[in-house]
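Trainee: Just a sequence and a predicted model for now, questions to come.
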Amino acid sequence: MTTELELHRIDSPNDENLPRVLTLSNAIFSADGSTKHGSLPYWQNHLKHKSSSIIYLTPVTASDNPVAFLFLIPRSTTPPLKNGASNSLHVWLAGVLPECRTGGCFTRLMNELNDVDQLTVCTFPTRFPDMWRWLTSRGWVQERELDEGKVLLSRSRTT
């Protein structure tokens, strides 16, 4: 993608841009309002925690049209991660429009988190092989396998 992109942040469950990012997520994942991943009230509930936020990108010329996002929530992990950490900022959902996927959007969003002490994310390696490759090629550590092929990964702060 050659369009200049602008970074935005949502910290409030009442942010007027939240429905736009939810619409993007639902389009990417073919979700609807009847699922937790597609429900505005569910997203709003997550954003009530002070550590939760959404960072997203829009074209500078179309700030109402998000093209990529990360939804971040606090997470406690039991048993602890391999490095002993129990608490992390968790990438609950992440998505990039298909036509923007090789344009560095995900990398730019993840780089915004370089100062976070501990990050975690879950993915399905067989369903999302590009995401799996991206994470493992950048030093994310496989922590454990979860249900139905889901895998928990972690990354400590880059120094």
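Mentor: On my side now, so go ahead.
Trainee: And the contacts of the lengthiest helix in the chain?
Mentor: Within the chain, and with DSSP state H defining each element, the longest helix by residue count is helix 18-29. Identification of contacts with helix 18-29 by CB atoms under 8 Å, 6 or more residues apart in numbering yields 10, 31-33, 37-38, 40, 43-44, 47, 54, 56, 64-67, 69, 71, 93, 95-98. From N, CA and C alone the C-beta is placed, and that goes for glycine too.
Trainee: Quick one: mark the members of these that sit in helices.
Mentor: Among these, DSSP H puts 40, 43-44 in helices.
Trainee: Any of those buried? List them.
Mentor: Neighbour counting by 16 or more other CB atoms under 10 Å classes residue 43 among the ones in helices among the contacts of helix 18-29 as buried.
Trainee: Dump the ones in helices among the contacts of helix 18-29 to TSV, plus pLDDT and distance to residue 82.
Mentor: Output for these, formatted as TSV (pLDDT from 0 to 100; distance: CB to CB, whole Å):
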residue	pLDDT	distance to residue 82
40	95	36
43	96	30
44	97	33
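Trainee: Looking at the ones in helices among the contacts of helix 18-29, spot the one nearest residue 113.
Mentor: Using CB to CB, residue 43 comes nearest to residue 113 of the ones in helices among the contacts of helix 18-29, at 19.2 Å.
Trainee: Excluding chain neighbours, give the residue nearest to that closest one in space.
Mentor: Ranked by CB to CB, 6 or more residues apart in numbering and with sequence neighbours excluded, the top spatial neighbour of residue 43 is residue 22, at 5.8 Å.
Trainee: ditto for residue 87
Mentor: Residue 87 sits nearest to residue 76 (CB to CB, 6+ apart), 5.6 Å away.
Trainee: The one you found and residue 83: what is the separation?
Mentor: Distance, residue 76 to residue 83, by CB to CB, to the nearest Å: 15 Å.
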